[in-house]
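Peer 1: Generate a structure from the sequence data that follows.
(2 chains)
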Amino acid sequence: MNKRVVITGLGVVSSLGIGWQEFWDNLLQGKSGISPVASIDTTNHFTHNGGEVTHFDPRQFIAEEKINQYNRSSQFAVAAAALAKKDARLSESMLPTGRIGICIGTTTGSIQAIERINDKRLSHQDIERNLASQLPPHTTPAAVAREIGASGPNCMISTACAAGNYAIGYGFDLIRFGRAELVFAGGADPFSRISFTGFNQFSAVAPEKCQPFDKNRKGMMVAEGSGILVLEILEHALQRNAQVYAEILGYGLSCDAQHMTQPSVQGVARCMINAMHETGITAEQVDYISAHGTGTQANDKTESAAIQMVFGERYKSIPVSSIKSMLGHTMGAASAIEAIACALVVKHDIIPPTINFDTSDPECDLDCVPNKARKQRTTIVMNNSYAFGGNNASLILKKFTG
Amino acid sequence: MKKAVITGIGIISPIGIGKDEYWHGLLQAKTGFRPISLFDTSALNVHYAGEISNFDPIPLLGKKGLRTFDRSTKLVSAAAKFSLDDAGLEITEDNTYSTGVSIGATFGSLRSIAEFDRQGLVEGPRYVNPSHFPNTVINSPASQISIRFKIKGFNTTISTGFCASLDAISYAVDFIRLGRADVVLAGGVEELCEETFFGFYKLGCLSGLDGTEPLCCPFDAKRNGTILSEGAAVLILEEENHARQRGSDIYATVAGCANSFDTKAEMDFSHKGIGLQQAINLALKEAFLAPEQIEYIASCANSTRGLDRLETSAIKDVFGTHAYDIPVSSIKSMIGETFSTSGALSLAAVTGCLQMGIISPTVNYEEKDPECDLDYVPNTARKRIIQNALILASDPYGHNTAMVVKRYGG
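Peer 2: Numbering: from 1, shown residues only, chains lettered A, B, ... in the order given. Next up is the predicted model:
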């Protein structure tokens, strides 16, 4: 159970780029991926912006005849996994397929199939078998496994907006247990009118832009995308001379056990502490925190207080940024995409900024790396994620030094 | 390595509420099928399901907080309460941080999601009731268990269809072995609702699509589909020493689990079942058992043509001639297809079987299918002391899970 696990491939489908290079360049330039929502009619909603992936062409990744069998979530995940596989330079014969696992997280999974069925029901149209077959959320890891050719463990974790971290964490466990040697792990979620409506009804959506930690922050941005990472047992990565982005040291979970939607300072603090406890990392060693940082009043205040509780005096000197300021909240994909950013942070020693930052908030007075990326040596990074249900997960990555 | 044992069982099923009624029902070959009352089926050809008709959560959970719960959440919260009581466990400030929740649920929240969307479509997005939004996340039922019983260690939901609750239990076992938790409430939940029923109907999985009376008869030559059902099963998985130290009764040990994907599965069971075979072999290996040491197989056969045949053929491929000596029975003949809950219900049934030395039968079995020729324990329960049992789950999208359970002390 002491096997070392490294990240050797990255795949991103996001509003800021398809493939990690474009995504990373845009993050470092502080670009925003937010645009007027096009996939649903927002006339009767309170807000009209979101983080849709507007330039995704599934035909680049999926055979024409299969495209209609995969819901958008599966299309994203298949594309991100293909990109990660290519990035990891994995050839087909590298490992027996039974040693390759798939572990994906999601919030809403096949929600667009539900929406399309509702549209048809309300207009008394027939519902095709193909649409019904897209309903189960585990069609996504199944699609990825089929496309990759992976017959090892296959898991779908649905822990809402922290699901990406849960999936990466369990992928890491699967390798440590010897259940797999290589796992494609991450998250995927489509833009959905249910999420858009729900968060709007919660008055949790910002009208124009997402401003994590800013005093005048007005909320989150509903977004979509997928992030998939290739997790690999170190020996195998070294054997095939793979490029290594970062090492996964471990993760911590916690549950607030308090409220479905209101975050708890104790709950998220415990999550960070559990992650450090499990990995043997001390608060002094953490060089960067990728915040959950949704841009809502409640989240950012809670997360800041929890970071203060855990890191004490270092609270203001650790860079803590939220790439949700640029991408919006990609739900179950969010912490997976953020884990990709974290792997690139330790690889390149550059920290992406929190954009749209204007006025500091005494309740969130940490160093949020405002508006401009920062060159800084980073060895240990923590990736925070929180979810409805009080399901929290923090992942810890380390610069790979051999 | 640490060992995960079972110390508590909580069941809400169409054939019985609570562990004892459930076990009794299985051994009495009781079936839980009745006309559907939860929604209108008049436009369809099938009107039967394993609907739980006598379930009232209030005596068990109290009135408070139930108002916004959907059916899945009520079912699984009640099962969790039963499991804690059965294990004699109380969650306190001392043990809450080392206690977790791991639940398999795939369509558990489907009705809540679909209803929320319909309200937005019909009444307009600004008139949707925000208090129903939290129910639209798939992890809502599991999360409400943590909130209600103040369980702070971790909370995970796994959505792998037919395999979901066995996968959730495997996850719990892994967490106990890793030392992340001493106790995990693990299981699954699915509610019967129009949306799920319609999905199974549309995919042609249900018995009685031609207007004949539905019959759930796994392995029988006449089988023509399954009967959809609902339920919740939560088991207390506990680290062995933790259970012993608090003087708890121990029902059984989960000795091995494995999950394998079958890339040949294309939403059906017409392939060879290589993935299921692989899962069985890996689970046996993890449990340090040879195939000959398995004395009972809790089958996932649900009375569909493909699954029952595929499972039988995978068992024969792994066990060779020994396959004919192993009793193989399917509780789905009595309960129906509870989808994400099915694996946890199987584990609860197997635990009873190990405890009492009686194997539950496959009911409605009359006519032999040449492709399904194993010993299916037809129609009546059978006395037999068993040390090691195997539980199977297989999903048409390709997921397969196998779990080996050992009699405790055996």
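Peer 1: and the nearest residue to A:Gln262 once chain neighbours are set aside, how far is that from A:Glu363?
Peer 2: Using C-beta to C-beta, 6 or more residues apart in numbering or on different chains and skipping the chain neighbours, the partner closest in space to A:Gln262 is A:Ala298 (6.4 Å). C-beta here means a position set from N, CA and C on the backbone, and glycine is covered the same way. In this view, A:Ala298 and A:Glu363 are 11 Å apart by C-beta to C-beta, to the nearest Å.
Peer 1: what do you get for B:Gly211?
Peer 2: According to C-beta to C-beta, B:Gly211 and A:Glu363 sit 65 Å apart.
Peer 1: Could you grab the helix/strand/coil label for A:Thr378?
Peer 2: State at A:Thr378, reduced to three classes by DSSP: H, G, I helix; E, B strand; the rest coil: coil.
Peer 1: low-scoring pLDDT stretches of the chain, where are they?
Peer 2: All of this is about chain A. Residue ranges of chain A with pLDDT under 70: A:92-93.
Peer 1: oops, chain B please
Peer 2: For chain B, the stretches with pLDDT under 70 are B:410.
Peer 1: What separation is there between the closest residue to B:Lys3 other than its chain neighbours and A:Val230?
Peer 2: What sits nearest to B:Lys3 in space, not counting adjacent residues and going by C-beta to C-beta, 6+ apart, is B:Glu240, at 4.2 Å. Per C-beta to C-beta, B:Glu240 is found 36 Å from A:Val230.
Peer 1: Between the two, tell me which one has more neighbours.
Peer 2: A:Val230 (28 against 16; other C-beta atoms under 10 Å in any protein chain shown).
Peer 1: Quick check: that one touching A:Gly9?
Peer 2: Yes. Contact status for A:Val230 versus A:Gly9: in contact at 3.2 Å, counting by C-beta atoms under 8 Å.
Peer 1: between these two, what contacts are shared?
Peer 2: Shared contacts of A:Val230 and A:Gly9, defined by C-beta atoms under 8 Å, 6 or more residues apart in numbering or on different chains, are found at A:84-85, A:87-88, A:90.
Peer 1: Of these - the most surrounded one?
Peer 2: Greatest neighbour count in the shared contacts of A:Val230 and A:Gly9, by other C-beta under 10 Å, goes to A:Ala84: 30 neighbours.
Peer 1: Just give the number of residues close to the nearest residue to A:Arg374 once chain neighbours are set aside.
Peer 2: In this structure, A:Arg374 finds its nearest non-sequential neighbour in A:Ile351, 4.8 Å apart by C-beta to C-beta, 6+ apart. Applying other C-beta under 10 Å, we find 28 residues neighbouring A:Ile351.
Peer 1: these two touch, right, A:Ile351 and A:Lys372?
Peer 2: No. Using C-beta under 8 Å, A:Ile351 is not in contact with A:Lys372, being 9.8 Å away.
Peer 1: so which strand or helix has B:Ala393?
Peer 2: strand B:388-394 (DSSP states H and E).
Peer 1: buried stuff in that strand?
Peer 2: Residues B:388-394 are the ones in strand B:388-394 that count as buried (16 or more other C-beta atoms under 10 Å in any protein chain shown).
Peer 1: just to revisit the earlier point, now do the contacts for the residue nearest to A:Arg374.
Peer 2: Contacts for A:Ile351 (C-beta under 8 Å, 6+ apart) come out as A:288, A:319, A:321, A:345, A:369, A:373-376, A:378.
Peer 1: 7 Å instead?
Peer 2: Applying C-beta atoms under 7 Å, 6 or more residues apart in numbering or on different chains to A:Ile351 gives the contacts A:288, A:319, A:321, A:345, A:369, A:373-374, A:376, A:378.
Peer 1: Among the residues you listed, name the buried ones.
Peer 2: A:288, A:319, A:321, A:345, A:369, A:373-374, A:378.
Peer 1: Could I get these in a markdown table, plus columns for secondary structure?
Peer 2: Output for the buried ones among the contacts of A:Ile351, formatted as a markdown table (three-state DSSP):
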| residue | secondary structure |
| --- | --- |
| A:Tyr288 | strand |
| A:Pro319 | strand |
| A:Ser321 | strand |
| A:Val345 | helix |
| A:Val369 | coil |
| A:Ala373 | coil |
| A:Arg374 | strand |
| A:Thr378 | coil |
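Peer 1: Please identify which of those is nearest to chain B.
Peer 2: Distance to chain B across those (C-beta to the nearest C-beta) is lowest for A:Tyr288, with 24.5 Å.
Peer 1: can I assume that closest one is in contact with A:Val345?
Peer 2: Yes. In this structure A:Tyr288 lies within contact range of A:Val345 using C-beta atoms under 7 Å: 5.8 Å.
Peer 1: Between those two, which contacts overlap?
Peer 2: In contact with both A:Tyr288 and A:Val345: A:351, A:378, A:381, using C-beta under 7 Å, 6+ apart.
Peer 1: And the second one, how far from A:Ala343?
Peer 2: Pointing back at A:Thr378 there. For A:Thr378, the distance to A:Ala343 (C-beta to C-beta) stands at 11 Å.
Peer 1: what about B:His242, neighbour count?
Peer 2: As a burial measure, B:His242 scores 18 neighbours (other C-beta under 10 Å).
Peer 1: Where do the domain boundaries of the chain fall?
Peer 2: Looking at chain A here, since you left the chain open. Domain ranges of chain A: A:5-239, A:250-398, per automatic domain parsing.
Peer 1: Chain B is the one I meant
Peer 2: If you go by automatic domain parsing, chain B breaks into B:4-245, B:253-407.
Peer 1: so which residue of chain A comes closest to chain B?
Peer 2: As assessed by C-beta to the nearest C-beta, chain B sits closest to A:Gly389 within chain A, at 2.7 Å.
Peer 1: Thought A:Ala160 was touching that residue, still the case?
Peer 2: Yes. Using C-beta under 7 Å, A:Gly389 is in contact with A:Ala160, at 6.1 Å.
Peer 1: Mind listing the shared neighbours of these two?
Peer 2: Common neighbours of A:Gly389 and A:Ala160 (C-beta under 7 Å, 6+ apart) are B:137, B:139.
Peer 1: nearest spatial neighbour of the residue in the stretch 1-150 of chain B that chain A sits nearest to, skipping sequence neighbours?
Peer 2: Nearest residue of the stretch 1-150 of chain B to chain A, counting by C-beta to the nearest C-beta: B:Ser143, 2.7 Å away. Nearest residue to B:Ser143 in three dimensions, chain neighbours excluded: A:Gly389, at 2.7 Å (C-beta to C-beta, 6+ apart).
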